[in-house]
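> Here's a sequence, model it:
(one chain, ligands or ions: 3)
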Amino acid sequence: PDPSDNIQNTPKLLKDHLEATGGKIVTRFPPEPNGYLHIGHAKAMHLDFGYAKKNGGKCYLRFDDTNPEKENQEYIDSIIDSVKWLGHEPCEITYSSQYFDQLYDLAIELIKRGFAYVCHQTGPEMSEGREKMTDSPYRNRSVEENLSLFDDMRKGKFEEGKAVLRMKGDMKHPNPCMRDLVAYRIKYHHHPVSGDKWCIYPSYDYTHCLVDSIENITHSLCTLEFEIRRLSYNWLVDVLGLYRPVVWEYARLNLTHTVLSKRKIITLVQKGFVKGWDDPRLSTLNAFRRKGYTPEAINSLCETIGVTRTNNTTIPYELLELCCRQDLDGKATRAMVVLDPIKVVITNYPQDQTEQITVPNIPANPALGTHQVDLSRELYIERTDFRMVDSKDYFGLAPNKEILLKYAYNIKCNEVITDDKGNVTELRVTYDKDNSNKKVKTIHWVSSVAGQKPTAVEVRLYDHLFKDSEIGDDWLEHINPDSLKVIENAVADKTVANSKEYDRFQFERTGYFCVDKDSTSDKLVFNRTVSLKENKDK
Ligand code: ATP
Ligand code: MG
Ligand code: MG
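Ligands and ions are numbered 1, 2, ... in the order given. Here you go, the predicted structure:
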């Protein structure tokens, strides 16, 4: 299904509208500024902005800001930032709150048309009435009385919770969303945009459809949980005689091993399970960005999964990682970094010599050039690339075995130095300048200018924040206690020197990494974006 299907059986009003706007498609992405955007919102944006763009139309970024107690400027700023980061270009940034005057006038009109009343039932009383399909005792007030009480609400004559304006639908309607939903409630709360002008705020159900209509949205795309509200959406614009947009629903994005709900993400941040909104273990867009994901990788996931109306599909996290690798493969400069170093001394290499070894930036794309790394008598290899006892399937170094230092020379291990406890502290090797033995395995390594130590860097390895792929209501029980492993003294070749936040590398044989904001002039910090292969040392 495609939203354009709807154009065929379009209500007349939409046709009129399309004629008026020159046939332009107008959509909106309507986040509530009550948290940071997550990867689920990337799917919403892909559809909202993508559908408009594909059809030569336009898309608003609209802040659905009707709950001032949960919303703030920090969230607004971060959302604008994330939308831009993903490459979307809103035709305009709007706020539901900028229409508060118009919405208020429409509420008066609604009362005058006999479709709204002021109600003093408590929340539980209203729910009970809805459940039992019984009318509120305040339902049949006169228009004059309702107008005057609504005015009292606006003037602050009631305490919070003592009065609401309700839409007069049908308390016997099979769809509970038709049973007199709340249009306005009292909140003595400062609003991030409208300040202290109002003490009554319109509800989502009242606001969303009316602002869609005011902004001439042609296609109002939303997630399936709103399907049940479509009837009340249409009802309200119809009883006010306004232009009615086409509403079209699609399935929410769910990802394995993670939670996609602002409420749950807030809990993770506030209870200290993670270190802030951009902690790379979260599923916020800021977190993915900090971890080293590209906008292209995230948009490519959205493109791959497409639009479906099938609910409860959970996309495997591995698919997102695959999209990421595919994108980074051609973008991330190769570097060599040793996470758990063992010192290696090339005994037949001259003491004070340093040579430059040429390394391709991106091996598959020679046009992207090369860079150089230092090689001298002392270097470091991974502890896992050495074993005392060799075996056929082992690719690393062992006593008397020869291997290739990637891009450089073959070395052969002649001597193993250990401490009193038997831990290997140093390997003594000799190198073969001609690499005569071609049939050797290759390992990465890090050296530096003769007599100097290579640069130490911090490397952060992330695993899933939730151990299990599907997470139920007891989601906090599924938290993985080992989701972050910090390696403080990895060593890096000079390729990474002077890199800055978000710079991306492929550390040979280890994974894709990016520079973290915690880096200082003394020490670079890297986040592992994704390993090179699925399930490799997650
Ligand atoms: P949350 O439960 O995370 O707060 P929400 O739906 O309340 O989500 P909004 O900020 O109101 O979040 O959402 C803005 C838009 O993004 C809405 O159209 C919403 O339907 C859509 N959206 C939110 N979460 C997802 C998701 N997981 N997949 C696809 N679209 C989503
Ligand atoms: Mg919402
Ligand atoms: Mg929400």
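> Tell me the spacing between Q270 and N67.
Between Q270 and N67 the computed distance is 18 Å (CB to CB, to the nearest Å). No exception for glycine: its C-beta is placed from N, CA and C like everyone else's.
> In terms of packing, which of these two has more residues around it?
The neighbour count for Q270 versus N67, taken as other CB atoms under 10 Å, is higher for N67 (17 against 8).
> how far away is whatever residue of the chain ends up closest to ligand 1 from T294?
Per CB to the nearest ligand atom, G40 is where the chain lies closest to ligand 1, at 2.2 Å. Taking CB to CB as the measure, G40 falls 18 Å from T294.
> Am I right that Y104 falls within a helix?
Yes: the assignment for Y104 (DSSP: H, G, I helix; E, B strand; the rest coil) places it in a helix.
> give me every residue that touches it.
Y104 makes contact with R154, according to CB atoms under 8 Å, 6 or more residues apart in numbering.
> For it, give its distance to P30.
20 Å.
> Contact residues of the protein facing ligand 1?
Residues of the chain found near ligand 1 (CB under 6 Å from any ligand atom) are 30-32, 40-41, 43-44, 64, 222-223, 252-253, 260-262.
> Filter the residues you listed down to just the buried residues.
Among those, those scoring as buried are 30-32, 40-41, 43-44, 64, 222-223, 252-253, 260, 262 (criterion: 16 or more other CB atoms under 10 Å).
> can you tell me which two in these are farthest apart?
Using CB to CB, those span at most 18.9 Å, a distance reached by D64 and L253.
> Show me what counts as buried in whichever helix in the chain runs longest.
With secondary structure taken from DSSP state H, the chain has its longest helix at helix 39-54. Counting neighbours by 16+ other CB under 10 Å, one finds that the buried residues in helix 39-54 are 39-52.
> Just flag the most distant two among the residues of the chain next to ligand 1.
So, the residues of the chain next to ligand 1 by CB to CB: farthest apart are D64 and L253, at 18.9 Å.
> one step back: residues contacting the residue of the chain closest to ligand 1?
Applying CB under 8 Å, 6+ apart, the residues near G40 are 252-254, 260, 283.
> go again using 7 Å as the cut-off
G40 makes contact with 252-253, 260, according to CB atoms under 7 Å, 6 or more residues apart in numbering.
> Make JSON lines out of those residues and add secondary structure.
Formatted as JSON lines, those follow (three-state DSSP):
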{"residue": "R252", "secondary structure": "coil"}
{"residue": "L253", "secondary structure": "coil"}
{"residue": "L260", "secondary structure": "coil"}
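> Give me the neighbour count for A408.
Residues lying near A408 (other CB under 10 Å) number 20.
> same deal with R230?
Neighbours around R230, by other CB under 10 Å: 17.
> for it, what are its contacts?
Here R230 is in contact with V247 (criterion: CB under 7 Å, 6+ apart).
> Please apply the same query to the one 10 residues further on.
Neighbouring residues of L240 by CB under 7 Å, 6+ apart: 106, 109-110.
> Just read off the phi/psi values of the residue lying closest to P366 once chain neighbours are set aside.
Excluding its sequence neighbours, the residue lying closest to P366 (CB to CB, 6 or more residues apart in numbering) is P360, at 6.5 Å. Note on P360: backbone dihedrals following degrees, to the nearest 10 are phi -70, psi 140.
> bridging residues for P360?
With DSSP bridges as the criterion, P360 is bridged to T370.
> show me the contacts for M171.
Counted by CB under 7 Å, 6+ apart, M171 has contacts 129, 133-135, 179-180.
> which of these count as buried?
129, 179-180.
> mind putting these in a markdown table, secondary structure and pLDDT included?
Shown next, in a markdown table, are these (DSSP: H, G, I helix; E, B strand; the rest coil; pLDDT from 0 to 100):
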| residue | secondary structure | pLDDT |
| --- | --- | --- |
| G129 | helix | 97 |
| R179 | coil | 97 |
| D180 | coil | 97 |
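> D474: how many residues sit nearby?
Residues contacting D474 under the criterion other CB under 10 Å number 7.
> Show the pLDDT at it.
pLDDT for D474: 88.
> Where does pLDDT dip in the stretch 301-450 of the chain?
Along the stretch 301-450 of the chain, segments meeting pLDDT under 70 span 308-312.
> what ranges do the helices span in it?
Secondary structure of the stretch 301-450 of the chain (DSSP state H, counting those that start in this stretch): helices at 317-329.
> correct me, but T27 touches N216?
No: the pair T27 / N216 is not scored as a contact, 10.7 Å apart, by CB atoms under 7 Å.
> neighbour-wise, which of these two wins?
When T27 and N216 are compared for neighbours, T27 comes out ahead with 28 against 15, by other CB under 10 Å.
> Would it be right to say that that one lies in a strand?
Yes: counting by three-state DSSP, T27 falls inside a strand.
> Just want the most central residue of the chain.
In the chain, the residue lying closest to the centroid (CA atoms, centre = their mean) is L285, at 2.6 Å.
> Let me see the ranges of the strands in the stretch 201-350 of the chain.
219-223, 246-250, 254-255, 314-315, 333-335, 337-338, 341-346 (DSSP state E, counting those that start in this stretch).
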